[in-house]
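Engineer: one predicted model, sequence on top.
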Amino acid sequence: MANTIAAVYVDTFEQNLRQVAQQETCKLLPWVAVRGEESENHNWEKLGSSDASLKTTRLQATPVADTLWSRRVSVSGTWDNGESTEQEDPVQM
């Protein structure tokens, strides 16, 4: 049984996940939960910050941090942004 996860494995997993996410939504869709909200806003539970403790042995007890939960509200809206540059003016680019 492995005690650690190699950094190379974590980096490879992240790169593969980014590649799948950028290709098509249909490749990632079976593995994620999609929320279709009909309301104007949505509440998301958010775990607060806490301090990590050093793990000294393999089978030590899990520490209880009693981290506080908070609620974040997201409001849907339509935003637009654009930039116009002239092809003849390379200083703008």
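Structural biologist: Looks like it arrived, so ask away. Numbers count the residues shown, from 1 in each chain.
Engineer: distance check, the closest residue to residue 48 other than its chain neighbours against residue 74.
Structural biologist: Leaving aside its chain neighbours, residue 48 sits nearest to residue 68 (4.3 Å; criterion: C-beta to C-beta, 6 or more residues apart in numbering). Glycine gets a C-beta too; all of them are placed from N, C-alpha and C. Using C-beta to C-beta, to the nearest Å, we find residue 68 at a distance of 20 Å from residue 74.
Engineer: now residue 30
Structural biologist: Residue 30 sits 25 Å away from residue 74, going by C-beta to C-beta.
Engineer: what do you get for residue 67?
Structural biologist: 21 Å.
Engineer: so which residues of the protein form strands?
Structural biologist: In the chain, the segments counted as strands under DSSP state E are 41-47, 69-75.
Engineer: if I average pLDDT within each of these, which one is lowest?
Structural biologist: Mean pLDDT per stretch puts strand 41-47 lowest among those, at a mean of 79.
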